[in-house]
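K.L.:
Quick check, what structure comes out for this input:
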Amino acid sequence: MEELRTPFRVTAGRFLRSVRIFSSSEVGGAAKLLMAGLVILFFAINGLNVLNSFVGRNFMTAIADRQVSEFSRQAVFYVLVFAGSTAVSVFARFTEERLALLWRGFLTRRVVNLYLTDGAFYRLDVSGKLSHPDQRISEDIRAFTVTTLSFLLMILNSGLTIVSFSGVLLSINPVLFAVAVFYAAGGSFLTIGLGRRLIKLNYDQLDKEASFRAGLLQVRENAEQIMLAGNGPQLKSFLTGRLDDLIANFRVITSVNRNVGFSTTGYNWLIQIIPALIVAPAFFRGDIEFGVITQSAAAFAMLVGAFSLIINQFTSISNFAAVVARLSTLSEAIENSQQQVGSEIRIDQTGEELSYEKLTIRSEPDGSPLLRELTVTIPPQARVLVTCLREEQGSALFRATAGVTYSGSGGILRPAGDGIRFLPQQSYLPPSSLRQVIVPPTASEEIPNERISMLLAEFGLERISRAEGFQQEMEWHTFLTQREQHLLMLASVCVAKPRVVLLERTEVVVGWDPLFRIITRFADDGIACVHIGSAASISAYDAILDLGDNGAWQWRKPT
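P.N.:
Next comes the predicted model:
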């Protein structure tokens, strides 16, 4: 688990950069309109609050003086002010939620795009330097946008309240205004001193909760294997340990919250009596009306509440600081992953064909050569079989060609983008519609459903087109067997027509006979196929690449 060590200045800089990017984005215009509407609504709320204090003052004075007609008139004013305040407050809340939703949608799309670009998600996972990026993207961004907006509006509202009610209190009693300022300042310093540990504790708690949830997810995804292997007791101990860890951390959080609670609760109780203690003597002397006491109490509470933003929101602020730090760490990790130079193996994606130039790949554990100075060009439409003395040799060649970092040297020249396809032995189809699986996004022509159905029938997948519509999104890993998923991906190659496709031990999944028919179909479609695995007969191939001991290799024609 990474430490919370990002400097505050860096975190604050990233926060402001995030706000600038949002405001200048394609949705920035709508965001600025919503923000302007919020500012106007908050001005209206504060104006109505000041008006309400004076109406309440006259209302209470009418009661004390037994003035029935004035009481009725002020009661009507009271109802009108309450109705106006209710309407404005509801619209302000609605506008705030819409703005937060707009920001969350924009920021999440941007982070997901960065996370899924150039294999950043893979490098982050392999490095192990960042824990639970999934939670940071889903939960932390939601908390960040909602809480940031809430704090900005609270600061705005507090500023307006201070301006509005400072004049009210100064007109009633200047001493009461001074007490409000010093009382809020003292309470804020005390709360910060008691609760500053909460930022680090809340940061750790988010990770511990995510770690426990990830363990439960692993149990669900591997339920059958766990049951067959009898690993239940070990997993129970593992999950119990994670649960104990998060509970222990949360106990410390509750202890700190208890100490902060003593301070904030007592602080808020005293707010109710301080105005009366200062203003009541003037009422006893007959210098002020009774309603001034209630007005001073309300104004004092509003002003102290505005000054006491840190006190009243300290728990939320500490949670927010942890969320900002986690998102800052996520941003930093993605940026670092994009800047990393993985190895000395050069990958040039400007080629028309797949070729290797003095490619050397070394084993990670001991540095022994898996492949030594491979120099081969895969001819167009060729069917090439790659045999390996050790299985990790073929796996390394397959993954290095795809861009996975390996220690080594030399170069790989390959087509860019959709010009090359990779089908690993353990394939994965994300949730999508049948048309999205078969037809690539860059397809230059509309592929009719009838053609897709014929292709599926050719690959023995008739039940797929019969079971669901072409536009129905499917969870393929639950609907199809591993073999069917593999065949579906092979069928999609026939539509995409890349220049070259690499297959990893596909015969294990689909069988030799279907594989021979498929690679022959690829050749007929002008697709070069490199099959890393084994074959019952090598006569179906145009060339053989044998990977031998100590990185040796041989390119030969089948005999």
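
K.L.:
Over to Leu371: give its phi and psi.
P.N.:
With angles defined as degrees, to the nearest 10, Leu371 sits at phi -150, psi 140.

K.L.:
what's the neighbour count on it?
P.N.:
Residue crowding around Leu371 was assessed by other CB atoms under 10 Å; the count is 26. Every residue, glycine included, has its C-beta placed from N, CA and C.

K.L.:
go on, the one 3 residues further on?
P.N.:
When counting by other CB under 10 Å, one arrives at 21 neighbours for Leu374.

K.L.:
same question, Ser539
P.N.:
9.

K.L.:
Surely it and Thr520 touch.
P.N.:
No - checked against CB atoms under 8 Å, the pair Ser539 and Thr520 is beyond contact range at 11.4 Å.

K.L.:
can you give me the helices in the stretch 101-250 of the chain?
P.N.:
Using DSSP state H, counting those that start in this stretch, the helices of the stretch 101-250 of the chain run over 120-127, 133-135, 141-172, 174-195, 198-221, 223-229, 232-284.

K.L.:
Now tabulate the ones you listed in a markdown table and tack on mean neighbour count, mean pLDDT and distance to Leu370.
P.N.:
Putting the helices of the stretch 101-250 of the chain into a markdown table (neighbours: other CB atoms under 10 Å; pLDDT from 0 to 100; distance: least, CB to CB, whole Å) gives the following:
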| stretch | mean neighbour count | mean pLDDT | distance to Leu370 |
| --- | --- | --- | --- |
| helix 120-127 | 16 | 58 | 18 |
| helix 133-135 | 18 | 64 | 30 |
| helix 141-172 | 18 | 73 | 41 |
| helix 174-195 | 17 | 74 | 55 |
| helix 198-221 | 17 | 78 | 31 |
| helix 223-229 | 10 | 67 | 29 |
| helix 232-284 | 14 | 78 | 33 |
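
K.L.:
Go through the ones you listed and name the closest to Arg383.
P.N.:
Between Arg383 and the helices of the stretch 101-250 of the chain, the tightest spacing by CB to CB is seen for helix 120-127, at 29.2 Å.

K.L.:
Name the SS class of the residue lying closest to Leu371 once chain neighbours are set aside, please.
P.N.:
Sequence neighbours aside, Ile361 is the residue nearest to Leu371 in space, at 4.5 Å (criterion: CB to CB, 6 or more residues apart in numbering). Here Ile361 takes the strand state, with states given by DSSP: H, G, I helix; E, B strand; the rest coil.

K.L.:
who's Ile361 bridged to?
P.N.:
Leu371, Gly408 (DSSP bridges).

K.L.:
Tell me how many other residues surround it.
P.N.:
A total of 24 residues lie near Ile361 under the criterion other CB under 10 Å.

K.L.:
looking at this, Tyr356 is in a strand?
P.N.:
Yes - counting by three-state DSSP, one finds Tyr356 located in a strand.

K.L.:
re the thing from before, would you mind giving the helices of the stretch 101-250 of the chain as TSV with distance to Gly84 added?
P.N.:
Shown next, in TSV, are these (distance: least, CB to CB, whole Å):
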stretch	distance to Gly84
helix 120-127	51
helix 133-135	42
helix 141-172	16
helix 174-195	26
helix 198-221	38
helix 223-229	58
helix 232-284	26
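
K.L.:
how about those helices, which one is nearest Leu423?
P.N.:
Go through the helices of the stretch 101-250 of the chain one by one with CB to CB and the one that ends up closest to Leu423 is helix 120-127, at 16.8 Å.

K.L.:
Okay, domains of the protein per the record?
P.N.:
According to automatic domain parsing, the chain comprises the domains 8-339, 346-556.

K.L.:
measure Leu34 to Glu96 for me?
P.N.:
Leu34 is 8 Å from Glu96, where distance means CB to CB, to the nearest Å.

K.L.:
More neighbours: those two, which one.
P.N.:
Applying other CB under 10 Å to Leu34 and Glu96 shows that Glu96 carries more neighbours, namely 21 against 18.

K.L.:
Could you tell me the per-residue confidence at the more buried one?
P.N.:
The predicted local confidence for Glu96 comes out at a pLDDT of 84.

K.L.:
Enumerate every residue touching it.
P.N.:
Leu38, Leu149, Ser150, Leu153 (CB atoms under 8 Å, 6 or more residues apart in numbering).

K.L.:
What's the local residue count around Val68?
P.N.:
Neighbourhood size, Val68 [other CB under 10 Å]: 10.

K.L.:
do you know how far it is from Ala62?
P.N.:
Taking CB to CB as the measure, Val68 falls 8 Å from Ala62.

K.L.:
Then Leu201?
P.N.:
Using CB to CB, Leu201 is found at 52 Å from Ala62.

K.L.:
now do Gly533
P.N.:
For Gly533, the distance to Ala62 - CB to CB - is 93 Å.

K.L.:
Next: Arg109.
P.N.:
For Arg109, the distance to Ala62 (CB to CB) stands at 57 Å.

K.L.:
Looking at the two, which one has more neighbours?
P.N.:
When neighbours are counted by other CB under 10 Å, Arg109 and Ala62 differ, and Ala62 comes out ahead with 21 against 10.

K.L.:
Packing partners of the helix or strand where the more buried one lies?
P.N.:
Under DSSP states H and E, the secondary-structure element containing Ala62 is helix 28-64. Other elements packing on helix 28-64 under the criterion 3 or more CB pairs under 8 Å, 6 or more residues apart in numbering; DSSP states H and E are helix 8-23, helix 68-115, helix 141-172, helix 290-307.

K.L.:
out of those helices, which comes closest to Asp513?
P.N.:
Checking the helices and strands packed on helix 28-64 against Asp513 by CB to CB gives helix 68-115 as the closest, at 40.6 Å.

K.L.:
so the closest one versus helix 141-172, what angle?
P.N.:
150 degrees (axes from the mean of the first three to the mean of the last three CA atoms, to 10 degrees).

K.L.:
between helix 68-115 and helix 28-64, how big is the angle?
P.N.:
Going by the same axes, to 10 degrees, helix 68-115 makes 160 degrees with helix 28-64.

K.L.:
Which residue ranges of the stretch 351-500 of the chain form strands?
P.N.:
Per DSSP state E, counting those that start in this stretch, the stretch 351-500 of the chain carries strands over the ranges 355-362, 369-377, 383-388, 407-413, 420-423, 500-504.

K.L.:
Flag every buried residue along the first one.
P.N.:
Judged by neighbour count (16 or more other CB atoms under 10 Å), strand 355-362 contains these buried residues: Ser355, Tyr356, Leu359, Thr360, Ile361, Arg362.

K.L.:
Settle this for me: the fifth one is touching Leu397, isn't it.
P.N.:
Yes - when contacts are counted by CB under 8 Å, Ile361 is listed as touching Leu397 (6.9 Å).

K.L.:
Could you tell me which ranges of the stretch 401-550 of the chain sit under the pLDDT cut-off?
P.N.:
Segments of the stretch 401-550 of the chain classed as low confidence (criterion: pLDDT under 70) are 442-445, 465-469.

K.L.:
mind checking how far the nearest residue to Ser25 once chain neighbours are set aside is from Gln554?
P.N.:
The shortest distance from Ser25 to any residue other than its chain neighbours is 5.9 Å, reached at Phe106 (CB to CB, 6+ apart). Phe106 sits 55 Å away from Gln554, taking CB to CB as the criterion.

K.L.:
More neighbours: which of the two?
P.N.:
Taking other CB under 10 Å, Phe106 and Gln554 do not tie; Phe106 has more neighbours (19 against 10).

K.L.:
list the contacts for that one?
P.N.:
Under the criterion of CB under 8 Å, 6+ apart, the neighbours of Phe106 are Phe22, Ser25, Val27.

K.L.:
In PyMOL, how would I select the buried members of these?
P.N.:
This is the PyMOL syntax for the buried subset of these, where burial follows 16+ other CB under 10 Å:
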select buried, resi 22+25
